[in-house]
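Asker: Let's see this in three dimensions:
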Amino acid sequence: MDLRPLAPGLAVAPQIGPADIVALHQAGYRAIVCNRPDGEAADQPLFAEIAQLARELGLQAHYLPAESGRVSDQQAADFAALFDRLPKPVLAYCRSGMRSTTMWALSQAGRLSLPEIVAAAGRAGYDMKGVVRRIVNQGRTPVEVAEAEHCVVIVGAGAAGVATAASLLARYPELDVALIDPAEVHYYQPGWTLVGAGVFEPASTARTMAATIPRGAHWIKAAVAAFEPERNAVILDGCRVVRYQQLVVCPGIKLDWQAVPGLAESLGRHGVTSNYLYHLAPYTWQLVRKLRAGRAVFSQPPMPIKCAGAPQKAMYLSADHWRRAGLLEQIRIDFYSAAPVLFGVPDYVPALMEYVAAYDIDLHLGHTLCAVDGPRKRASFSRVLPDGGKEIVERDYDLLHVVPPQTAPDFIRVSPLADAAGWVDIDPASLRHRRHANVHGLGDAGNSANAKTAAAARKQAPVVAHNVLAALGLLDGAAQYDGYGSCPLTVERGKIVLAEFGYGGKLAPSLPTWLVDGTRPSRLAWLLKARMLPPLYWKGMLKGREWLAKPELSDR
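Answerer: Predicted structure coming up:
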């Protein structure tokens, strides 16, 4: 925990965790203010977890979230009013502490001089020059004043962003590339399914961001607040400005835990878990091992979500464990999915249905999780009736594995880069933005119709890298993406149905069908998932080695 005194009675900090609450209590803090919205990152404890422990120790806990880099004057006023009435000392936190510091700085604009604000923030380790420019400029951030400028700027250093940077530098090592991402840890998220099944250790899926950034690329450790594509500018948290010649947008997807009433408050307790969070995947395995009789419920929200097969993977691996332990007959398994079909590509459904029958799983298609009552261990699902009406179905559970609704990140949805639904508006083949020729998009935040998987990003990154360099006049031709995505459906420990497909659900196997028939469960596919894909990710995809991912080129 990194506590930074900011003003009398007030300290700020980067993201805190449940384990820090006892230390805060012992240090004399009496109130906590969270300025970070839930769902910004997959390793982020939800506010409900923090608040529960804080209140048990007598600390007040308040939720005043702000989108990164988009702190409003009203939020600053609310922060000041809240701070005035809270018992002191108070700790305010967000991802890095910048939003909390910005709220304080804006709230002090009429109370302290600008040099005093800058000096206080500087002592806490935060650069407020951009905020000062905003104050002086009457609330606007002047994009003419750029703190940095790079030839290619990549927003997001997840799988898509790092792979794109590595592919760019592999083609043109002298290129000036900058990655913008505030995270300190890079995660191999496809491994969390196997963490939840006791196959992987959590630590094996994480590496420091510094070790992941490609050599030769600049890392701007900040969050993006807004885009000014007409001026080739990106606005960062703290009102700083970065300019670009070519922009690549791949910030990932937002997990909307607050969209289901009661869910955020129940996660990590009351038998509610999710492999979509780093710190909860081990809890999944703990619950699976502990359950010896009762009802296990697995849910899937409406599309789009990242890795559409992940809800089923958790279910099949759990059922396989109970079968091996001789407990399957004592455990009833329900799968509630908002989708009208078990899997979106029909060729893979027969093999999956064999496992549904073998595990005696009750399928409830067209059902959307709409509420969770953790203390009562009850989940509610809504479904649309044939006459257009709606029915609410309640189900008691002993174990509930939830996949949350998902949206584009807030700063994408409100940006000029978004389509009407809030996703980055890109051409599905070139992955270039439909309205801004020097903007490109890939990964989970794009509106192309491919599956949102790491395998899709692996194929997209070389396409974007080539097209960016072509736009700069450094390469010829145009690269095309065919919609490839892959979903290794872990149907039991040791076997996988390896779903690989492109746009329109067209099958797109990477290996000869005599070696791996993706429509049937395969031990070799399990070996690929458990042993080969992690090093392929860390040492291949993130290093610019485009094994089985070379882009197809066409004349312009």
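Asker: okay, CA-based contacts and neighbour counts for the rest of this
Answerer: Noted.
Asker: Strand partners (parallel or antiparallel) of the helix or strand in which residue 491 is found?
Answerer: For residue 491, the element it lies in under DSSP states H and E is strand 485-492. Strand pairing for strand 485-492, determined by DSSP bridges: strand 495-501 (antiparallel).
Asker: Report the mean confidence score over the partner strand.
Answerer: Throughout strand 495-501, pLDDT has a mean value of 96.
Asker: again with stretch 147-157
Answerer: On average, stretch 147-157 scores 95.
Asker: List the buried residues for it?
Answerer: Neighbour-count burial for stretch 147-157, counted by 16 or more other CA atoms under 10 Å, picks out 149-150, 152-157.
Asker: what two of those are the furthest from one another?
Answerer: 149 and 157 (17.9 Å; CA to CA).
Asker: by contact count, what packs against the helix or strand of the chain with the lowest mean pLDDT?
Answerer: Across the helices and strands of the chain, the lowest-confidence element by mean pLDDT, DSSP states H and E is helix 129-136, at a mean of 73. Contacts defined by 3 or more CA pairs under 8 Å, 6 or more residues apart in numbering; DSSP states H and E place helix 129-136 against helix 98-107, helix 114-123.
Asker: Contacts for the last one next, please.
Answerer: To tie it back to what came earlier, the one meant is helix 114-123. With CA atoms under 8 Å, 6 or more residues apart in numbering as the test, helix 114-123 has contacts from 6-7, 101, 105, 108-109, 127-129, 132.
Asker: of the residues you listed, buried ones?
Answerer: 6, 101, 105, 108-109, 127-129, 132.
Asker: Can you tell me which of those is closest to residue 261?
Answerer: residue 101 (30.2 Å).
Asker: partner residues bridging the closest residue to residue 146 other than its chain neighbours?
Answerer: In this structure, residue 146 finds its nearest non-sequential neighbour in residue 241, 4.7 Å apart by CA to CA, 6 or more residues apart in numbering. Note on residue 241: beta-bridge partners by DSSP bridges are residue 235.
Asker: Return the distance of residue 241 relative to residue 22.
Answerer: 38 Å (CA to CA, to the nearest Å).
Asker: Look at these two and report which has more neighbours.
Answerer: residue 241 (25 against 13; other CA atoms under 10 Å).
Asker: so what's the more buried one scoring on pLDDT?
Answerer: 90.
Asker: The buried residues of stretch 147-157 in strands, which ones?
Answerer: 149-150, 152-155 (DSSP state E).
Asker: Switch these over to CSV; also include distance to residue 375.
Answerer: Formatted as CSV, those follow (distance: CA to CA, whole Å):
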residue, distance to residue 375
149, 52
150, 52
152, 50
153, 47
154, 44
155, 40
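Asker: from those residues, which single one is nearest residue 34?
Answerer: residue 155 (24.7 Å).
Asker: For that closest one, give me its contacts.
Answerer: Residue 155 sits in contact with 161, 179-181, 224, 247-251, where contact means CA under 8 Å, 6+ apart.
Asker: want to try TSV for the residues you listed, with neighbour count, pLDDT and distance to residue 55 as columns?
Answerer: Converted to TSV, these look like this (neighbours: other CA atoms under 10 Å; pLDDT from 0 to 100; distance: CA to CA, whole Å):
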residue	neighbour count	pLDDT	distance to residue 55
161	29	98	39
179	26	98	39
180	23	97	36
181	20	95	32
224	27	90	33
247	28	98	44
248	27	98	43
249	24	98	40
250	26	98	38
251	28	96	34
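Asker: what pLDDT does residue 556 get?
Answerer: At residue 556, pLDDT is 57.
Asker: can you check residue 2 too?
Answerer: For residue 2, the model assigns a pLDDT of 92.
Asker: Who is the closest residue in space to it that isn't next to it in sequence paired with across the strands?
Answerer: Sequence neighbours aside, residue 13 is the residue nearest to residue 2 in space, at 5.6 Å (criterion: CA to CA, 6+ apart). Here residue 13 sits in beta bridges with residue 93, going by DSSP bridges.
Asker: wait, residue 508 sits on residue 502?
Answerer: Yes: with contact defined as CA atoms under 8 Å, residue 508 reaches residue 502; the gap is 6.1 Å.
Asker: Return the residues in contact with residue 433.
Answerer: 417, 424-427, 439-441 are the contacts of residue 433 under CA under 8 Å, 6+ apart.
Asker: Can you report phi and psi for it?
Answerer: phi -60, psi 140 (degrees, to the nearest 10).
Asker: Just grab the bridge partners of it for me.
Answerer: With DSSP bridges as the rule, residue 433 is bridged to residue 426.
Asker: For residue 113, see how far away it is.
Answerer: 43 Å.
Asker: Residue 120 now?
Answerer: Applying CA to CA to residue 120 and residue 113 gives a distance of 11 Å.
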